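Chemist: sequence below, structure please.
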Amino acid sequence: MEMLKKNMLSLIFAVVALGGLGIGAYAYSQGATIAEEMQPAISLGRELNTVAGNMANETWIQERVKQREEEIADEREKRSEAEKRQRYSSFDEKVAPDGTRQRVERKPLMEDVLPDCVKMEPRIEFRNAYNAAFPELEKRLRAGRLPDALAYAKNRESFAVERQIREDLRSNAWSITMQTGRDDAAEPQQLDRAQTVLGDPDAQFALKEARSMWIYLDRDAIGQYRFESERDPPKMWEIWQAQMSLWIQQDLVTAVARVNEEREAELRKAGKTDDIWVANMPIKRLAKLSVAGLLGGEGGGGGGSNNPDDGFQFPNFTGKDNDDKIFVVLLALEVVMEQESMPKLMAALSDVNFITPVRVTYRAVRPDWQQRDYIYGEKPVVNVAIDMEAYYLHSVFDQWIPEAAITELRAKIGTTGEKLEKMKQKQRGRMRTRP
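Modeler: Residues are numbered from 1 along each chain as shown. Reported below is the predicted structural model:
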């Protein structure tokens, strides 16, 4: 049965992936320009008009030309929709009271800086704007940190949290069923969370902190771009890399946030506002959000995030690579979440941009009935690692790409792995994580 569940989830991932994560960009990249598409129809009409003059042939010709024009119009509409999807920012979307989304056009942090700016002051202002915008990622997630050892120690000294515990804790507690015997025939025992918390100051403190957040954010989960100098004006390729990596991070953060925001809306509608915290959210913890440093510029570095432990997955089954229509960015995401909500995360990723998962692995997270550190709630949770490709349209982003980066973003990433290894070495010295 467990194997069936695992295969079923894999099938769901495959269906979702093939159903639209990267298909729009793929179709776009396979098409020619509208002018090129029109030539066969025009040539067909001219050729047939020279060899056929009767009414029947002329009618047939006009029907063929009309059919081709309709196909071209349909292709033009698809391309327009593909471009529209990337011209707007999912992170900055406004949600109306009736639930409809109001699109907001994608814009750089500073106008008139990209793709080239000779003045020094706007470049410095961009760096300041970037440093101010980066913390908004954490705010969108309603994230919090796991208390460290020092925080626990201070809490034990003051006993402040222990004094604040009231009987209302019992009404918000839960019980976790676990096998306590040495064999499968043993009767499961109900372990009372409330009794555990009441007798453990550390558990009290962990619960208090958890109730103030929707998701745990690991301290090295999202990397902040590191400019070569914090005093001198940044180079144009640095500005581009910082801006593009921020856009990508915003897309991924939006996907994660939307899954939890959907649950928040359900709880609020049911009148369970006290349950709106991490234990009852689908995605409990963001462990890593990685963007490969292949955004063009000096050395190809500057992806804006930390690398996954086992590297990025490239090449892979999609066969996609940089060309004159798209550039490919390799991504990796690792979260702890409810197993049943995994398909929702995959769908959310497909909704924010042209993203294709190329590998999905997950493992069960053993429940800790004390939950003195991470509080994940009652439902079964898994650690999920998703390797992905994202496709970005040159027709949308070239207006912001400096000359120092555009050539590289049109060149193949390659299959030898040398470019990826060079990126990793470059990125190790250029990236920092938030404290």
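Chemist: what is the neighbour count of residue 130?
Modeler: Look at residue 130: counted by other Cβ atoms under 10 Å, it has 23 neighbours. C-beta coordinates here come from the backbone N, C-alpha and C atoms, glycine included.
Chemist: mind listing what it touches?
Modeler: Contacts for residue 130 were tallied using Cβ atoms under 8 Å, 6 or more residues apart in numbering; they are 109, 225, 242-243, 246.
Chemist: tell me, how many residues neighbour the spatially closest residue to residue 399 that is not a sequence neighbour?
Modeler: The shortest distance from residue 399 to any residue that is not its chain neighbour, by Cβ to Cβ, 6 or more residues apart in numbering, is 7.0 Å, and that residue is residue 115. Per other Cβ under 10 Å, the neighbour tally for residue 115 reads 19.
Chemist: next: residue 413.
Modeler: Counted by other Cβ under 10 Å, the residues lying close to residue 413 total 24.
Chemist: and for residue 410?
Modeler: In terms of burial, residue 410 registers 17 neighbours under the definition other Cβ under 10 Å.
Chemist: quick check: it touching residue 328?
Modeler: No. Here residue 410 lies out of contact with residue 328, judged by Cβ atoms under 8 Å, at a distance of 11.2 Å.
Chemist: between those two, which contacts overlap?
Modeler: Common neighbours of residue 410 and residue 328, counting by Cβ under 8 Å, 6+ apart, are residue 322.
Chemist: domain assignment for the chain?
Modeler: For the chain, the domain assignment from automatic domain parsing gives the residue ranges 2-22+108-142+213-433, 31-87, 149-210.
Chemist: for the residue nearest to residue 399, what are its contacts?
Modeler: Counting by Cβ under 8 Å, 6+ apart, residue 115 touches 236, 240, 399-403.
Chemist: tell me the pLDDT at it?
Modeler: At residue 115 the predicted local confidence, pLDDT, stands at 96.
Chemist: now it: how far from residue 236?
Modeler: Going from residue 115 to residue 236 by Cβ to Cβ, to the nearest Å gives 7 Å.
Chemist: next one: residue 316
Modeler: 31 Å.
Chemist: who has more neighbours, the two?
Modeler: Relative neighbour count places residue 236 above the other of residue 316 and residue 236, with 21 against 14, counting by other Cβ under 10 Å.
Chemist: what sits closest to that one if chain neighbours are left out?
Modeler: On the basis of Cβ to Cβ, 6+ apart, the spatially nearest residue to residue 236 that is not a chain neighbour turns out to be residue 402, at 4.2 Å.
Chemist: got it, and residue 147?
Modeler: Distances taken as Cβ to Cβ, 6+ apart place residue 209 nearest to residue 147, at 5.4 Å, with adjacent residues excluded.
Chemist: is it correct that the one you found falls within a helix?
Modeler: Yes. According to DSSP: H, G, I helix; E, B strand; the rest coil, residue 209 belongs to a helix.
Chemist: pLDDT wise, what is it at?
Modeler: Here the pLDDT value assigned to residue 209 is 91.
Chemist: which regions of the stretch 1-150 of the chain lie under the pLDDT threshold?
Modeler: Counting by pLDDT under 70, the stretch 1-150 of the chain shows low-confidence ranges at 1-58, 60-61, 64, 68-80, 97.
Chemist: which residues of it fall in strands?
Modeler: Here the stretch 1-150 of the chain has its strands, by DSSP state E, counting those that start in this stretch, at 94-95, 101-102, 143-144.
Chemist: need the winner for burial among the ones you listed.
Modeler: Comparing those by mean neighbour count (mean count of other Cβ atoms under 10 Å), strand 143-144 comes out on top with a mean of 20.
Chemist: what strands line up against it, and which way round?
Modeler: Paired strands of strand 143-144, with direction, are strand 215-217 (parallel) (DSSP bridges).
Chemist: any idea of the mean pLDDT in the helix or strand just after the strand it pairs with?
Modeler: Per DSSP states H and E, the first helix or strand lying C-terminal to strand 215-217 is strand 223-224. Model confidence over strand 223-224, given as mean pLDDT, is 88.
Chemist: list the pairing partners of strand 223-224 within its sheet, with orientation.
Modeler: Assessed with DSSP bridges, strand 223-224 is paired to strand 432-433 (antiparallel).
Chemist: endpoints of stretch 322-331, how far apart?
Modeler: Here the two ends of stretch 322-331 are set 15 Å apart, with distance taken as Cα to Cα, to the nearest Å.
Chemist: one step back: what's around the residue nearest to residue 236, how many residues?
Modeler: Around residue 402 there are 19 residues (other Cβ under 10 Å).
Chemist: and the gap between it and residue 345?
Modeler: Distance of residue 402 to residue 345, given as Cβ to Cβ: 34 Å.
Chemist: likewise for residue 279?
Modeler: Plainly put, residue 279 is 18 Å away from residue 345 if you go by Cβ to Cβ.
Chemist: between those two, who's got more neighbours?
Modeler: Summary of the neighbour comparison: residue 279 and residue 345, criterion other Cβ under 10 Å, with residue 345 having more neighbours (22 against 19).
Chemist: show me what contacts that one?
Modeler: When contacts are counted by Cβ under 8 Å, 6+ apart, residue 345 is found next to 255-256, 259, 282-283, 335, 337, 384, 386.
Chemist: swap the cut-off to 7 Å and go again
Modeler: When the contact criterion is Cβ atoms under 7 Å, 6 or more residues apart in numbering, the partners of residue 345 are 255, 259, 283, 337.
Chemist: so which of these is the closest to residue 392?
Modeler: Of all those, residue 392 sits closest to residue 255, with 15.9 Å by Cβ to Cβ.
Chemist: okay, now the closest residue to the closest one other than its chain neighbours: neighbour count?
Modeler: Counting by Cβ to Cβ, 6+ apart, residue 255 lies nearest to residue 348, which is 4.0 Å off, once chain neighbours are set aside. When neighbours are counted by other Cβ under 10 Å, residue 348 registers 23.
Chemist: which positions in the helix or strand hosting residue 348 come out as buried?
Modeler: When elements are assigned from DSSP H and E, residue 348 belongs to helix 342-352. By neighbour count, with 16 or more other Cβ atoms under 10 Å as the criterion, the buried positions of helix 342-352 are 342, 344-352.
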